[in-house]
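S.K.: sequence and predicted structure, then a few things I'm wondering about:
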Amino acid sequence: MDKSLILNIIYALSNITLILLQLFRWGLIIYILSSWLPALRESSFGQFLGKIYEPILEPFRKIIPPLGGMLDLSPIILFVVLWLFQVGLVEVFNALISFVVAF
């Protein structure tokens, strides 16, 4: 295959992945804010978000339980983990690009 085709595929994959991560983070923000609006949390959209984010947040809650029973820090920890995951993905894609360019 041609180098430019491989590079275009890598760029497309990296862009799609980063956009999906950004959408995931925005969904998490909406889910967090929905805890302040019970009508939104109980709506079908809120329940849909709960099915996505609750299984992901639960392991973080086991590590750091809500403080005083009210202050849940698990979304903050999830944001840090997602940020580290994104940094790692960017480095992997940069390494792939460097490898393709070198050969």
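M.R.: Cool, the structure landed.

S.K.: contact partners for residue 61?
M.R.: Residue 61 makes contact with 72, 74, according to CB atoms under 8 Å, 6 or more residues apart in numbering. For glycine as for every other residue, the C-beta is placed from the backbone atoms N, C-alpha and C.

S.K.: give me the buried positions along the worst-scoring helix or strand of the chain on mean pLDDT.
M.R.: Of all helical and strand segments in the chain, the minimum by mean pLDDT, DSSP states H and E falls on helix 38-42, at a mean of 88. Residues residue 41 are the ones in helix 38-42 that count as buried (16 or more other CB atoms under 10 Å).

S.K.: same check on stretch 96-103?
M.R.: For stretch 96-103, burial by neighbour count (16+ other CB under 10 Å) applies to residue 96.

S.K.: and what of stretch 14-22?
M.R.: In terms of neighbour count (16+ other CB under 10 Å), stretch 14-22 has its buried residues at residue 14.

S.K.: restrict the next helix or strand after the least confident helix or strand of the chain to CA atoms and write it as CSV.
M.R.: As assigned by DSSP states H and E, the chain's next helix or strand after helix 38-42 is helix 44-63. Output in CSV follows, covering the C-alpha atoms of helix 44-63 (Å, rounded to 0.1, in the frame of the first residue of the first chain):
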residue,chain,number,x,y,z
SER,A,44,-35.7,8.1,29.1
PHE,A,45,-32.6,10.0,28.0
GLY,A,46,-31.3,10.1,31.6
GLN,A,47,-31.9,6.4,32.0
PHE,A,48,-30.1,5.8,28.8
LEU,A,49,-27.1,7.8,30.1
GLY,A,50,-27.3,5.9,33.4
LYS,A,51,-27.0,2.6,31.6
ILE,A,52,-23.9,3.8,29.9
TYR,A,53,-22.1,5.6,32.7
GLU,A,54,-23.1,3.8,35.9
PRO,A,55,-21.3,0.6,35.1
ILE,A,56,-18.2,2.7,34.3
LEU,A,57,-18.4,4.8,37.4
GLU,A,58,-19.1,1.9,39.8
PRO,A,59,-15.5,0.6,40.1
PHE,A,60,-14.3,4.2,40.8
ARG,A,61,-16.9,4.4,43.6
LYS,A,62,-15.6,1.3,45.1
ILE,A,63,-12.1,2.8,45.2
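
S.K.: cheers, nothing more for now.
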